[in-house]
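Asker: Show me how the following folds:
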Amino acid sequence: MKNILGKAILLATALLFSITGTSCSNDDNTTPEKEKTYDMSGFAKGADVSWLTEMEKDGVKFYNQNGKATECMKLLREEGTNSIRLRVWVNPEGGWCGKNDVIAKAWRAQQLGFRLMIDFHYSDTWADPAHQTVPAVWQGYTAEQMKQAVADHTKDVLKALKDRGVTNVEWVQVGNETRDGMLWNSDEVVTGQVSKNAANFAAYINAGYDAVKEVYPKAKVIVHVDKGQDLGGLTWLYDNLKENDGKWDVIGLSLYPEDDNWQSYAESCLSNIQTLSSKYGKDVIISEIGMWWGSDQAAPMMKKMVDGCKAISTCEGIFYWEPEVYNNWKPANYTTLGWSAYTKGAFDNSGKPTAVFNAYK
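Answerer: As a prediction, this is how the structure comes out:
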């Protein structure tokens, strides 16, 4: 009977350990494995992952350095990223980057502790230096109606985020790469194209600015311009905005260097950050940066930019643009537009992060 009881106790003990997966040290203390913590504060080390949900719908997977499939935002956090940027279109085809899609991504990002930048394009599709197309439902508006539309759309999206419980909105871009303004129109009385009507551009920016502050009073409003290496183009835009009483908190820049010019681009951009901060009394942030994923110069470029930006007290951070894109994946609207796949991500063709992220660690 004693032997049977002893065997029963041993069996129960073995079963308990098989269930709990714990082990005892010599003094019978257990040491639970600590969950990894991440410091998400300070200098923004960001990524724009606006394509993520569409990629996931297409079955794209992401892998850590050991080849383990990992959810993309978690993987980016492991690689040192602490902030996420998401673009907003008004009525996009398929719904990608529309309000509901943005809310879904923003909520996911916040659950992982990311700080957020929301990027309003004020278009149904890409707004950039060559395209600033008025949303279809805003066509034919007067300037006053356009200002109201900017305010209403901005508040609608941000209020929906806030109602969902998204509180980590730290920056909001009012317009995207607005080198010559936004909401271009053939009617010069209405257009927000700076070279034709700088006052309208400032008025549209101010409508967005006030809308942001109404929903997220502490969020910083960014006016974003491409070609961070081109001081003349930058000061032209911000001078026009200032002269027309435009309101903004942070200057946003893009930088897309190539192998043969990255060092000069980086040096010019870093110098421009200091010049712009001094001239306008504003902080600066790199809203977008990217370089061909296969270049052995991409990692040194990123290190130079991150180290250089950190050394400037008025630079708030840097955001890599769509780093998760790899292996010639294309969104549906690239196919519609006849565009080639984007190749300036920071993942290799096997779906693993490249050395670009070393700059964030």
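Asker: and Leu337, how many residues sit next to it?
Answerer: 11 (other C-beta atoms under 10 Å). Every residue, glycine included, has its C-beta placed from N, CA and C.
Asker: Quick check: Ser287 is in a strand.
Answerer: Yes: the assignment for Ser287 is a strand, going by DSSP: H, G, I helix; E, B strand; the rest coil.
Asker: is it true that it touches Gly317?
Answerer: No: using C-beta atoms under 8 Å, Ser287 makes no contact with Gly317, being 9.3 Å away.
Asker: So these two - more neighbours on which side?
Answerer: The neighbour count for Ser287 versus Gly317, taken as other C-beta under 10 Å, is higher for Ser287 (29 against 24).
Asker: Which residue, other than its chain neighbours, is closest to the more buried one?
Answerer: Leaving aside its sequence neighbours, Ser287 sits nearest to Gly252 (C-beta to C-beta, 6 or more residues apart in numbering; 3.8 Å).
Asker: Surely that neighbour is in a helix?
Answerer: No: under three-state DSSP, Gly252 falls outside any helix and is assigned strand.
Asker: Could you give the bridge partners of it?
Answerer: His224, Ile285 (DSSP bridges).
Asker: And the helices in the stretch 51-200 of the chain?
Answerer: 52-57, 72-78, 99-111, 143-163, 194-215 (DSSP state H, counting those that start in this stretch).
Asker: With distance to Ile273 and mean pLDDT added, can I get these in TSV?
Answerer: Converted to TSV, these look like this (distance: least, C-beta to C-beta, whole Å; pLDDT from 0 to 100):
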stretch	distance to Ile273	mean pLDDT
helix 52-57	28	98
helix 72-78	24	98
helix 99-111	26	98
helix 143-163	27	98
helix 194-215	21	98
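Asker: Tell me which of these lies nearest to Ala136.
Answerer: When those are compared by C-beta to C-beta, helix 143-163 sits nearest Ala136, at 11.8 Å.
Asker: hmm, who's touching the closest one?
Answerer: Contact partners of helix 143-163, identified using C-beta atoms under 8 Å, 6 or more residues apart in numbering, comprise 88, 90, 99, 102-103, 106, 118, 120, 122, 134-135, 138, 141, 169, 172, 174, 183, 189-190, 192, 200, 203-204, 207-208, 210-212, 214-216.
Asker: buried subset of those?
Answerer: Using 16 or more other C-beta atoms under 10 Å as the burial test, these include 88, 90, 99, 102-103, 106, 118, 120, 122, 134-135, 138, 141, 169, 172, 174, 183, 190, 192, 200, 203-204, 207-208, 210-212, 215-216 as buried.
Asker: what's the distance between the residue nearest to Ser287 and Glu177?
Answerer: 9 Å (C-beta to C-beta, to the nearest Å).
Asker: cool, and Asn240?
Answerer: 15 Å.
Asker: Give me the more crowded residue out of the two.
Answerer: Between Asn240 and Glu177, Glu177 has the larger neighbour count (other C-beta under 10 Å), namely 25 against 18.
Asker: Next one, pLDDT for that one please.
Answerer: Looking at Glu177, its pLDDT is 98.
Asker: Isn't Phe114 up against Met73?
Answerer: Yes: contact criterion C-beta under 8 Å: Phe114 and Met73 qualify, at 7.1 Å.
Asker: so what sits against both of these two?
Answerer: By C-beta under 8 Å, 6+ apart, the residues touching both Phe114 and Met73 are Ile84.
Asker: more crowded one of the two?
Answerer: Phe114 (26 against 22).
Asker: The residue sitting nearest the centre point of the chain and Pro353, how far apart?
Answerer: Geometric centre of the chain, nearest residue: Arg85, 1.9 Å, by C-alpha atoms, centre = their mean. Remark: distance between Arg85 and Pro353 (C-beta to C-beta) = 17 Å.
Asker: How about Asp296?
Answerer: In terms of C-beta to C-beta, Asp296 sits 16 Å off from Pro353.
Asker: Need the nearest residue in space to Met291, chain neighbours excluded.
Answerer: In space, Met291 is closest to Ala298, 4.3 Å off (C-beta to C-beta, 6+ apart).
Asker: and what of Val215?
Answerer: In space, Val215 is closest to Leu158, 4.0 Å off (C-beta to C-beta, 6+ apart).
Asker: Is there a neighbour count for the one you found? I'd like the number.
Answerer: 23.
Asker: Trp292: what's it in contact with?
Answerer: Residues near Trp292 by C-beta under 8 Å, 6+ apart: Glu258, Asp259, Ala298, Thr343, Lys344.
Asker: Am I right that it falls within a strand?
Answerer: No: under three-state DSSP, Trp292 sits outside any strand and is assigned coil.
Asker: So for it, what's the pLDDT?
Answerer: pLDDT for Trp292: 98.
Asker: now Glu35
Answerer: At Glu35, pLDDT is 77.
Asker: Quick check: it vs Ala47, distance?
Answerer: Distance from Glu35 to Ala47, by C-beta to C-beta: 23 Å.
Asker: and what of Ala127?
Answerer: 20 Å.
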